[in-house]
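S.K.: Return atomic coordinates for the entry below.
(one chain, ligands or ions: 2)
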Amino acid sequence: MEAILEAKQLSHIYSAGTPFEHGALRAVDFTAYEGEYLAIIGRTGSGKSTLIQHLNGLLQPTSGQVLFRGKDIWTDKATTRATRFQVGLVFQYPEYQLFEETVARDVAFGPKNLGLTEEETEMRVKEALGLVGLSYDELKDKSPFELSGGQKRRVAIAGVVAMKPEVLILDEPTAGLDPKAHRDILDMAEEIHEHEGNITILVSHNMADIARLCDRVIVMDKGHVALAGTPKEVFSDEKRLTDIGLSLPPVSYLMHRLNERNADIKADIMDIDAACREI
Ligand code: ADP
Ligand code: MG
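M.R.: Numbers count the residues shown, from 1 in each chain. Ligands and ions are numbered 1, 2, ... in the order given. Below is the predicted model:
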């Protein structure tokens with residue numbers, strides 16, 4: 001597998017040299033490979049948002065490097081700018097960043113900045129709204145502020161998807177949503193991932209979602225990478241996860257408890273159907 005995006009010994013200190021100095025990342029090493037669906041988990045304050053803001057050049061490392069296809073993204077201005085288009089970042093609560101008068105113009109903002117023609121931009125807007133499950137014809141002329149909370153979030157995500165980034169990063173995209181909307185947003189992310197063949201990086205607290213969706217997991221703790229591996233590998237280390245203050249996915253937790261009582265029952269099962277069969 002080809003390494004697309006890498007952090008090498010990446011450290012970040014906020015407000016360096018002031019009394020408010022705070023080391024948020026410490027020597028983070030991490031690689032995202034072509035086409036994978038990656039999760040970043042960790043407690044609040046562990047450095048997840050700081051890390052992902054380095055991946056598209058919004059924050060500059062205090063030390064260490066971020067590489068895109070092997071090239072340091074801070075090599076020169078043009079490279080940093082290109083990275084902002086190649087690595088699309090959807091912030092937490094992205095709906096607060098909608099600002100244009102119409103949905104179509106909001107989604108078009110990124111593609112226009114890419115220098116695409118009117119026609120190309122319109123195609124991108126149509127396609128992106130379709131990918132996030134919204135109707136272009138119904139919504140294009142509406143104000144983003146007339147939409148429901150869930151719809152606004154989709155419009156904001158469409159604005160990033162419309163740039164066709166090679167890497168799509170979603171920072172806690174289901175925060176504050178009810179269970180149905182939560183599920184819908186994750187289904188949407190999976191559909192985009194399959195359709196675009198991009199790398200998807202999902203920042204999440206929800207262990208069950210990660211177990212169900214992701215190829216690989218990176219666990220952050222106090223600004224460094226504490227664990228990394230497939231969900232199966234990461235969730236097999238229950239002691240380490242609880243020490244960090246994280247929990248197992250519910251099914252995995254159940255299987256660990258059953259395994260303690262009866263060693264014939266496998267502990268490393270995360271899928272409900274497989275768990276039923278095993279029990
Ligand atoms: P997470 O996304 O995992 O909750 P963050 O990356 O937001 O973590 O924060 C990591 C640490 O850096 C926390 O201790 C947080 O308080 C601190 N931090 C985040 N943003 C800033 C900032 N702009 N200035 C100073 N400290 C910050
Ligand atoms: Mg965060």
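S.K.: The residue sitting nearest the centre point of the chain: what's it in contact with?
M.R.: The residue at the geometric middle of the chain, judged as the C-alpha nearest the mean C-alpha position with C-alpha atoms, centre = their mean, is Leu202 (2.6 Å). By C-beta atoms under 8 Å, 6 or more residues apart in numbering, the residues touching Leu202 are 37-40, 170, 173, 189, 209-210, 213-214. (Glycine included, C-beta is placed from N, CA and C.)
S.K.: Out of those residues, name the ones that lie in strands.
M.R.: The subset of the contacts of Leu202 located in strands under the criterion DSSP state E comprises 37-40, 170.
S.K.: and which of the residues you listed is nearest ligand 1?
M.R.: Lowest distance from ligand 1 to the ones in strands among the contacts of Leu202 (C-beta to the nearest ligand atom) belongs to Ile40, with 8.4 Å.
S.K.: surely the closest one meets Met220?
M.R.: Yes: here Ile40 reaches Met220: they are 6.3 Å apart, a contact under C-beta atoms under 8 Å.
S.K.: Any part of stretch 174-193 near ligand 2?
M.R.: No: with C-beta under 5 Å from the ion as the criterion, ligand 2 is not reached by stretch 174-193; the gap is at least 9.2 Å.
S.K.: buried set for stretch 200-220?
M.R.: By 16 or more other C-beta atoms under 10 Å, the buried positions in stretch 200-220 come out as 200-207, 209-214, 216-220.
S.K.: any idea of the mean pLDDT in it?
M.R.: Mean pLDDT, stretch 200-220: 95.
S.K.: tell me how far it is from the chain's mean position?
M.R.: Averaged C-alpha coordinates place stretch 200-220 at 9 Å from its chain's average position (C-alpha atoms, centre = their mean, to the nearest Å).
S.K.: hey, which helix is longest across this protein?
M.R.: Looking across the chain with DSSP state H, the single longest helix is helix 179-196.
S.K.: Report the mean confidence score over stretch 240-249.
M.R.: With pLDDT averaged residue by residue, stretch 240-249 scores 93.
S.K.: so who does His12 touch?
M.R.: Each residue near His12 by C-beta under 8 Å, 6+ apart is listed here: 23-25, 47, 50, 54, 59, 61-62.
S.K.: With neighbour count and secondary structure added, can I get those residues in a markdown table?
M.R.: Supplementary listing: the contacts of His12 in a markdown table, determined by neighbours: other C-beta atoms under 10 Å; DSSP: H, G, I helix; E, B strand; the rest coil:
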| residue | neighbour count | secondary structure |
| --- | --- | --- |
| Gly23 | 15 | strand |
| Ala24 | 19 | strand |
| Leu25 | 28 | strand |
| Gly47 | 24 | coil |
| Thr50 | 20 | helix |
| His54 | 23 | helix |
| Leu59 | 19 | coil |
| Pro61 | 20 | coil |
| Thr62 | 14 | coil |
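S.K.: Filtering those residues by proximity to ligand 1, which remain?
M.R.: Near ligand 1, judged by C-beta under 6 Å from any ligand atom, the entries from the contacts of His12 are 24, 47, 50.
S.K.: Can you give me the separation between the spatially closest residue to the second one that is not a sequence neighbour and ligand 2?
M.R.: Taking C-beta to C-beta, 6 or more residues apart in numbering, and ignoring the residues beside it in sequence, Gly47 has Gly223 as its nearest neighbour in space, at 4.3 Å. Plainly put, Gly223 is 13 Å away from ligand 2 if you go by C-beta to the ion, to the nearest Å.
S.K.: For ligand 2, give me its nearest residue in the stretch 1-150 of the chain.
M.R.: Ser49 (3.2 Å; C-beta to the ion).
S.K.: neighbours around whichever residue of the stretch 151-279 of the chain sits closest to ligand 2, how many?
M.R.: Here the residue of the stretch 151-279 of the chain nearest ligand 2 is Asp171; by C-beta to the ion that distance is 6.0 Å. Each residue near Asp171 was counted by other C-beta atoms under 10 Å, and the total is 20.
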